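Undergrad: Below are the sequence and a predicted model for it; my questions follow.
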Amino acid sequence: MPQSADKILDHAPLFREPEYKDMLARKAEFENMPPVEQVTQIADWTKSWDYREKNFARESLSVNPAKACQPLGAVFVASGFERTMSFVHGSQGCVAYYRSHLSRHFKEPSSAVSSSMTEDAAVFGGLNNMVDGLANTYKLYSPKMIAVSTTCMAEVIGDDLNAFIATAKEKESVPADFDVPFAHTPAFVGSHVTGYDNMLKGILDHFWKGKEAKPNGSLNIIPGFDGFAVGNNRELKRVLDLMGVDYTILSDVSDQFDTPSDGEFRMYDGGTPIEATKNAVNASATLSLQEYCTPKTLDYAASFGQKTKSLHYPIGVGGTDDLLSSISELTGKPVPEALELERGRLVDAMADSQSWLHGKTYAIYGDPDFVYGMARFVLETGGEPKHCLATNGSKAWEAQMQALFDSSTFGAGCKAWGGRDLWHMRSLLATEEVDLLIGNSYGKYLERDTKTPLIRLMFPIFDRHHHHRFPVWGYQGGLRVLVTILDKIFDCLDQDTMDPGVTDYSFDLTR
Ligand code: SF4
């Protein structure tokens, strides 16, 4: 065998060795595959306009939806509070999925527990699982707060979290005054952004309910579900500190998903302090950086007399302008000169590279606010975001996107697709080609299939490391996004001009 202790091969080169090639070829005997020509013929047909029309007519089936289920968002947002353990009432496998998704993206351990409901709980209800599970979580993991959400299973049988948690406290699973906020997060409705909203509202409701707000001029900021939260939240804090704003970030996961290696395992790190979360009821305003992550939470904050406002993922010049002007409007603090200089530097960089960016066409997919913010930045660079797709995007989101396209000459011919999936995106890329695809790691199969170069800027990113440590928000983040796009353009150009004297006509050291 080619594998040996002296020379350990990774699976990619290993499976190209003759022994494995032969084994894989023989495996086909048992797969009962049709002839290769027939497979190729059908695959080609699925890239035609004829198939596209059939594909877009489908109603009852999702293929590779670009979204996750509600509890993932609930687990994510709960991770951003001080010493908080997520407790997901339902099946164990679901929780393994949330933990692995977050760990694979952030390259960090991700802690969450499950009430491990099985067949008996599905028939008789999961009360006993809740009673035992809360007691174990409290004793084993020493949290300051346990945030409870639900999987499909608990929702289908109608388990009542409020009653269950009250019963568990009566049975002394946790002390009566221990903080156990909860949110029902039915996975068959909405997506992870809905779960984020439900869980955040549940946590605030736990601490704010019955309180009388005494406005103190401070600002609550909600980042929303964000794969770049480590870099983005730190950038956000830098900007807020530069502006001299008194603020509370409601759910700050930046330390939890970026713990240092120094010999100490931190199950919990950083997060919004519990006391700050309680006091956040007295903020004068709450600003959400992702509208579709916070509709219920913002309504709830408004019910305490707070001013509220929401943005769409502040990428690029206009997105950051909106962020800073909103902070300024809600707090009365001016935008400092240092940030104006950063703006000028981003605009300068965009102008320097204009000849390479102008007229480039894009397909963008991901969460509704990300797609909006990204498309807006693409328009600012003179690019055309032709296909914009959000599986968890609504008709209202499509209308917002259309208004964005209409605001720019580069938006003509661009279209937003709400409620569509990555199999729809494949049809779009095959029938109306674009220069670049912006999405997450799952886009690599679209890249291979349609030869559209992929730029990874959306959660989850499993097959590249550490992108989340650098911000994409603000003017500094805009520079990073700009460089990421330009690197892909230049890499593609270099790949396309590899052959000296044939495709490479000049000494192309300088672009
Ligand atoms: S969709 Fe339902 S079954 Fe699947 S991971 Fe989410 S909660 Fe679990």
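TA: Received the coordinates, thanks.

Undergrad: CA only for contacts and neighbour counts going forward, please
TA: Fine.

Undergrad: Point out the residues in the chain that sit beside the ligand.
TA: Residues of the chain lying close to the ligand (C-alpha under 6 Å from any ligand atom) are 69, 94, 151-152, 187.

Undergrad: Packing partners of the host helix or strand of residue 297?
TA: Assessed by DSSP states H and E, residue 297 sits inside helix 295-302. Where contact means 3 or more C-alpha pairs under 8 Å, 6 or more residues apart in numbering; DSSP states H and E, helix 295-302 is packed against helix 192-208, strand 285-288, strand 307-310.

Undergrad: Report all helices and strands that the second one contacts.
TA: In this case it means strand 285-288. So strand 285-288, by 3+ C-alpha pairs under 8 Å, 6+ apart, packs with strand 219-222, helix 295-302, strand 307-310, helix 316-331.

Undergrad: hang on, the earlier thing: now the helix holding residue 297 against helix 192-208, angle please.
TA: Relative orientation of helix 295-302 versus helix 192-208 (axes from the mean of the first three to the mean of the last three C-alpha atoms, to 10 degrees): 30 degrees.

Undergrad: which residue does the stretch 301-450 of the chain bring closest to the ligand?
TA: In the stretch 301-450 of the chain, the residue that lies nearest the ligand is residue 392 (14.1 Å; C-alpha to the nearest ligand atom).

Undergrad: Which secondary structure state does residue 173 sit in?
TA: Of the three states, residue 173 takes coil under DSSP: H, G, I helix; E, B strand; the rest coil.

Undergrad: Now it: closest residue in space that isn't a chain neighbour?
TA: Distance criterion C-alpha to C-alpha, 6 or more residues apart in numbering; nearest residue to residue 173, sequence neighbours excluded, is residue 135 at 4.1 Å.

Undergrad: Remind me which helix or strand that neighbour belongs to.
TA: helix 127-141.

Undergrad: After that helix, which helix or strand is next?
TA: strand 145-150.

Undergrad: who touches the residue nearest to residue 173 in this structure?
TA: Counting by C-alpha atoms under 8 Å, 6 or more residues apart in numbering, residue 135 touches 172-174.

Undergrad: what does residue 251 give?
TA: 77-81, 222-223, 271-272.

Undergrad: Return the subset of these lying in helices.
TA: The members of those that map onto helices under DSSP state H are 77-78.

Undergrad: how is the protein carved up into domains?
TA: As assigned by automatic domain parsing, the chain contains the domains 70-208, 219-257+266-340, 353-464.

Undergrad: Let's have the ones you listed in a markdown table, adding mean pLDDT.
TA: Below are these laid out as a markdown table (pLDDT from 0 to 100):
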| stretch | mean pLDDT |
| --- | --- |
| domain 70-208 | 96 |
| domain 219-257+266-340 | 98 |
| domain 353-464 | 98 |
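
Undergrad: could those be laid out in a markdown table, adding distance to residue 57?
TA: Compiled in a markdown table, those are given as follows (distance: least, C-alpha to C-alpha, whole Å):
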| stretch | distance to residue 57 |
| --- | --- |
| domain 70-208 | 21 |
| domain 219-257+266-340 | 26 |
| domain 353-464 | 10 |
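
Undergrad: Could you look up the SS state of the residue in the stretch 201-350 of the chain positioned nearest to the ligand?
TA: Going by C-alpha to the nearest ligand atom, the ligand is nearest to residue 225 of the stretch 201-350 of the chain, at 16.4 Å. Look at residue 225: counting by three-state DSSP, its state is coil.

Undergrad: doesn't residue 292 make contact with it?
TA: No. Contact criterion C-alpha atoms under 8 Å: residue 225 and residue 292 do not qualify, at 9.6 Å.

Undergrad: Of these two, which one has the most company?
TA: Each of residue 225 and residue 292 has its neighbours counted (other C-alpha atoms under 10 Å); residue 225 has more, 29 against 25.

Undergrad: Identify the residues contacting residue 442.
TA: For residue 442, the contact set (C-alpha under 8 Å, 6+ apart) is empty.

Undergrad: I appreciate the help and will end here.
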